[in-house]
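heads up, no residue letters with this:
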């Protein structure tokens, strides 16, 4: 049976994330446990790794970096072998387009999904969470452009586009995500909050909440509530 999957709304590795992160740590058992700094590859990835090691170390889990900053690393047989034995994977935030470009259709991502299907914990925050859907929302035209365009992503959760940092600025991306008039579901996730797949159902966890936006309207789910209208990961 697959392990837990957490889509985190950003501001990861900080207080307020304990509910979802403690669940992930519990599922990891004795590891091996890995952080992927893919989204932060152009923005001090070594700092992201150190922050993850400090945070999860405080929760009782030793994590190491799984090299995945480039497609070359994501195709490296040694890294793929590490992923096949892993029991915990956390994709940090950063550049959503880079995350997809580096991991889509790679043996490393296939190995991570295989391990998750075998019970490993899997999570992504902000750009890492965006990559898990069918589409990631990337910058439209220029730096600072509030408009976003949809980019085909890893599609672990089908029919989904994630809008992280929803209570601060992610809510501005909703129109871009649903403008095509199709059946896409947008999941707005507050910072230090998560939509967590565990025990065969989705649940909101963390300091804030989760907002599901579809053609039929929108629904808000507070921490601890089950999330309806979201397809299972697959």
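Structure received. Only a predicted model underlies this, so the values are computations on that prediction, with no experimental measurement involved.

can you pull out the strands in this protein?
Remark: strands assigned in the chain by DSSP state E are 5-8, 33-36, 64-65, 88-91, 121-125, 133-139, 148-152, 157-163, 185-189, 193-198, 201-206, 209-214, 217-222.

and the first one, how far out from the chain's middle?
Strand 5-8 has its average C-alpha position 5 Å from the chain's average C-alpha position, going by C-alpha atoms, centre = their mean, to the nearest Å.

Give the pairing partners of that strand; include direction for each.
Each strand paired with strand 5-8, and its direction, by DSSP bridges: strand 121-125 (parallel), strand 193-198 (antiparallel).

before we move on, the earlier item: going by mean pLDDT, which of the strands of the chain comes out lowest?
Of all the strands of the chain, strand 148-152 carries the lowest average pLDDT, namely a mean of 74.

what about residue 89, how many residues close to it?
30 (other C-beta atoms under 10 Å). All C-beta atoms are positioned from the backbone trio N, CA, C, and that covers glycine.

In contact with it, which residues are there?
Residue 89 makes contact with 33-36, 66, 83, 112, 115-116, 120-123, according to C-beta atoms under 8 Å, 6 or more residues apart in numbering.

so which of the residues you listed comes closest to residue 77?
residue 83 (10.6 Å; C-beta to C-beta).

pLDDT score for the residue lying closest to residue 93 once chain neighbours are set aside?
Closest residue to residue 93 apart from its sequence neighbours, by C-beta to C-beta, 6 or more residues apart in numbering: residue 126 at 3.1 Å. pLDDT for residue 126: 95.

for residue 114, same thing?
97.

quick check, distance from stretch 38-58 to the centre of its chain.
15 Å.

okay, now residue 199: neighbour count?
Residues near residue 199, counting by other C-beta under 10 Å: 9.

Next: residue 112.
Neighbours of residue 112 (other C-beta under 10 Å): 28.

Let me see the contact set for it.
83, 86, 89, 120, 122.

cool, residue 228 as well?
212, 219.

For residue 136, see how far away it is.
Remark: distance between residue 228 and residue 136 (C-beta to C-beta, to the nearest Å) = 24 Å.
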